[in-house]
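Visitor: Sequence plus predicted model, see below.
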Amino acid sequence: MAAGKGKNDSKPQTNMPPPEAKELYDQAGKLFEENKFDEAIELYSQAIEKYPEYSSAYFNRALSYALKSEYEKGINDAMRVMELEPNAADAPYVMGVISEYQNDLAGAQEWYEKSLKSNPNYQQAKDRLKMLKDKMKGAMAGGKMKTAAGAEGTETVVEEGQIKKVAWFTSDMTFKDVVGMEKQKQIIHDNIVLAITKPELLRAYGKKLGLGVIFYGPPGGGKTYLVRAIAGETKAKFIIMHINEIVDMYAGNTEKNLHAIFEQARKNAPCIVFADEIDALGTKREGEQQGNMRMAVNQFLQELDGVEKNPEGIFIIGATNQPWDMDPALKRPGRFGESVYIPAPKYKERREAFKYNTRSMPLSKFVGFGRLARATWGFSMADVFAICDKAALKVAAEEDRTGKKRMIGIGDFIAIIKSQGSSLDEWYGMVKKDVISKTETQIVEGKKQEIVKEGRLSPEEKVRYKPMIKDIKKNLNPVNIFVKKVMRFWAIYLF
Ligand SMILES: Nc1ncnc2c1ncn2[C@@H]1O[C@H](COP(=O)(O)OP(=O)(O)OP(=O)(O)O)[C@@H](O)[C@H]1O
Ligand SMILES: [Mg+2]
């Protein structure tokens, strides 16, 4: 791949680029190898200016953008390659990679398959498709809809907008795949795993076998990941509620859908129901609480109350990174009575996550996980995963261009860390106005006035989400921001 694009094409490029464009292109390839992505992009752009049909230059620029997390630009370039060479295998490949980085697994699968249709021997597309399928195994594919009546098996059955049967979700993951989070695993073990695997033990002590719990915390912290591991760990019946699929535009269907899901759970207890991104259902935002959404919330509350009355073996887990957007009614005791905070990873967890995510990569012996963990001070688990994946992609791209194999070195990781940054830095700033306060400028009698508006959290919520609020405040504190920068700088540029 990379600059050696021609190799994987089903059709070689017919028109040759003029020598001055080729020269720029080759220099760009070298800069790419030196991890100078911005400079490489600049030279690819100059090469394209000289030769606007330069598909290899577009391709490599797409790849550089992907490594820098500038996905829109990467997609534009990959699209241009497909225009210039409709049968090329590598543009769809890069589209697949970008889809994966954007968490669109189904989209990624389609792109890799398209790539392999053009060139069935495209090794990198084959490898990624295999990895992707492992990741998707039984996974969220459970949400796939089927509109035929009476279909058996693992697919969700829907008739005229009404859910008849929800697909069971299965997972091979266990707690061993979950790095860190010891405290959270313990809570889950005691309240869910034990209740499912040894109900007699808990009954003997008069413990209620049922639970409504919310996992909350910043994005990419591993909430969804952890819940998937619960499915594998308990081997219990497991339903994933896709809120957007439940809310139907026809009156009445939404309630029927929710009822169908809870009926299926009750008939199959012990059963876990997972409502991911639950803030989408019980939204507190003004103006959004009308119509179907409101009815969905009411129905959901009714079903939850049913669970409270008959608590044997129904476990409802909700996850959200914006707990302040949840409908307050959902949070009362007996509904989602418990809240478990999943924080961004600490140093030790990031170090272990680097180790875990690179376990099957050919690593140079100079890769120090401690340094990587320090260079990613304040990054999320999802960031760490993306950094490892991009470092591997970068070295694979180089091998494709030069034909030379090499180990993945510390420099490859550091280059990606430098170019992509932490997804959380921006997020803390974004949620500040919701959680703490926002300053608005108003003109009063011709004079500018600063007005501070309180965040949307009620006093009760401030107590409930205290650990998260504390973390958000800490990450907005200028001293902490400075310390974070120094730690990263130290690890990135020194050792
Ligand atoms: N404890 C962990 N051990 C190993 N990998 C992890 C862990 N937590 C998260 N990851 C990695 O980070 C990725 C993102 O995590 P996940 O999607 O679960 O975050 P999330 O908290 O659900 O975020 P969001 O609020 O955006 O939905 C996972 O796909 C996984 O690769
Ligand atoms: Mg999630």
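Guide: Alright, I've got the coordinates. Ligands and ions are numbered 1, 2, ... in the order given.

Visitor: Mind exporting the C-alpha coordinates of stretch 326-345 to PDB?
Guide: Listed in PDB are the C-alpha atoms of stretch 326-345, where the atom choice follows Å, rounded to 0.1, in the frame of the first residue of the first chain:
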ATOM      1  CA  MET A 326     -31.200  11.200  31.400                       C
ATOM      2  CA  ASP A 327     -34.800  11.600  32.400                       C
ATOM      3  CA  PRO A 328     -34.800  12.000  36.200                       C
ATOM      4  CA  ALA A 329     -37.600   9.500  36.600                       C
ATOM      5  CA  LEU A 330     -35.300   6.700  35.300                       C
ATOM      6  CA  LYS A 331     -32.900   7.300  38.200                       C
ATOM      7  CA  ARG A 332     -35.200   6.600  41.100                       C
ATOM      8  CA  PRO A 333     -34.500   3.700  43.400                       C
ATOM      9  CA  GLY A 334     -35.800   0.400  42.100                       C
ATOM     10  CA  ARG A 335     -35.300   1.500  38.600                       C
ATOM     11  CA  PHE A 336     -31.700   2.400  37.800                       C
ATOM     12  CA  GLY A 337     -31.000   2.500  41.500                       C
ATOM     13  CA  GLU A 338     -27.200   2.000  41.200                       C
ATOM     14  CA  SER A 339     -24.700   4.000  39.400                       C
ATOM     15  CA  VAL A 340     -21.200   2.800  38.700                       C
ATOM     16  CA  TYR A 341     -18.600   5.200  37.500                       C
ATOM     17  CA  ILE A 342     -16.200   4.100  34.700                       C
ATOM     18  CA  PRO A 343     -13.400   6.700  34.700                       C
ATOM     19  CA  ALA A 344     -10.800   7.400  32.100                       C
ATOM     20  CA  PRO A 345      -7.900   5.100  32.600                       C
END
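
Visitor: does ligand 2 sit close to that stretch?
Guide: No - looking at stretch 326-345 against ligand 2 by C-beta under 5 Å from the ion, there are no contacts, and the closest approach is 9.6 Å. In this view, the C-beta of every residue, glycine as well, is placed from N, C-alpha and C.

Visitor: can you pull the buried residues of that stretch?
Guide: Across stretch 326-345, burial judged by 16 or more other C-beta atoms under 10 Å covers 326-327, 330-331, 335-336, 339-345.

Visitor: Walk me through the domains of this protein.
Guide: For the chain, the structural domains run 2-137, 143-341, 358-495, going by automatic domain parsing.

Visitor: and the ones you listed, which one is worst for confidence?
Guide: Of all the domains of the chain, the segment with the smallest mean pLDDT is domain 143-341, scoring a mean of 82.

Visitor: Tell me the residues of the stretch 201-350 of the chain that contact ligand 1?
Guide: Proximity of the stretch 201-350 of the chain to ligand 1 is confined to Pro219, Gly220, Gly221, Gly222, Lys223, Thr224, Tyr225, Ala319, Asn321 under the rule C-beta under 6 Å from any ligand atom.

Visitor: can you tell me which of these are in helices?
Guide: Lys223, Thr224, Tyr225 (DSSP state H).

Visitor: Can you say which of those are buried?
Guide: Among those, those that count as buried by neighbour count (16+ other C-beta under 10 Å) are Lys223, Thr224, Tyr225.

Visitor: Could you find the closest non-adjacent residue to the last one?
Guide: What sits nearest to Tyr225 in space, not counting adjacent residues and going by C-beta to C-beta, 6 or more residues apart in numbering, is Val178, at 6.7 Å.

Visitor: so that neighbour makes contact with Ala229?
Guide: Yes - under the criterion of C-beta atoms under 8 Å, Val178 lies in contact with Ala229, with a separation of 5.0 Å.

Visitor: Now for Leu116: which residues touch it?
Guide: By C-beta atoms under 8 Å, 6 or more residues apart in numbering, the residues touching Leu116 are Ala89, Tyr122, Ala125, Lys126, Leu129.

Visitor: Quickly find the element holding it.
Guide: Of the helices and strands defined by DSSP states H and E, Leu116 is found in helix 105-118.

Visitor: and the angle for the helix or strand just after that helix with helix 105-118?
Guide: Using DSSP H and E, the next helix or strand after helix 105-118 towards the C-terminus is helix 123-136. Here helix 123-136 runs at an angle of 150 degrees relative to helix 105-118 (axes from the mean of the first three to the mean of the last three C-alpha atoms, to 10 degrees).

Visitor: Contacts for helix 123-136 next, please.
Guide: For helix 123-136, the external contacting residues (C-beta under 8 Å, 6+ apart) are 1, 8, 89, 92-93, 96-97, 100, 105-106, 108-109, 112-113, 115-116, 119, 396, 400.

Visitor: Buried only: go through those residues for me.
Guide: Listed as buried from the contacts of helix 123-136 are 1, 8, 89, 92-93, 96-97, 100, 105, 108-109, 112, 115-116, 119, 396, 400; burial here means 16+ other C-beta under 10 Å.

Visitor: re earlier: neighbour-wise, give me the winner out of the contacts of Leu116.
Guide: Ala125 (28 neighbours; other C-beta atoms under 10 Å).

Visitor: With adjacent residues omitted, what lies nearest to that residue?
Guide: Ser115 (4.3 Å).

Visitor: Tell me which other helices or strands whichever helix or strand Ile416 is part of touches.
Guide: Here Ile416 sits within helix 410-420, counting by DSSP H and E. Identification of packing neighbours for helix 410-420 by 3 or more C-beta pairs under 8 Å, 6 or more residues apart in numbering; DSSP states H and E yields helix 37-50, helix 55-67, helix 369-375, helix 381-402.

Visitor: As TSV, the buried ones among the ones in helices among the residues of the stretch 201-350 of the chain next to ligand 1 with distance to ligand 2 would be great.
Guide: Conversion of those to TSV gives the following (distance: C-beta to the ion, whole Å):
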residue	distance to ligand 2
Lys223	5
Thr224	3
Tyr225	8
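
Visitor: which one of these is nearest Asn35?
Guide: Of all those, the one with the least separation from Asn35 (C-beta to C-beta) is Tyr225, at 29.1 Å.

Visitor: contacting residues around the closest one?
Guide: Tyr225 makes contact with Met173, Val178, Met381 under the criterion C-beta under 8 Å, 6+ apart.

Visitor: Now the phi/psi pair for the residue lying farthest from the centre of the chain, please.
Guide: Computed with C-alpha atoms, centre = their mean, the maximum C-alpha offset from the centroid of the chain is found at Glu445, amounting to 47.9 Å. According to degrees, to the nearest 10, the main-chain angles of Glu445 amount to phi 50, psi 50.

Visitor: next one: the one 5 residues further on
Guide: When read as degrees, to the nearest 10, the backbone of Glu450 gives phi -90, psi 120.

Visitor: Nearest to ligand 2: which residue in the stretch 1-150 of the chain?
Guide: Among the residues of the stretch 1-150 of the chain, Asn103 lies nearest to ligand 2; the distance is 9.0 Å by C-beta to the ion.

Visitor: now that residue, what's its secondary structure?
Guide: Local secondary structure at Asn103 is given as coil here, using DSSP: H, G, I helix; E, B strand; the rest coil.
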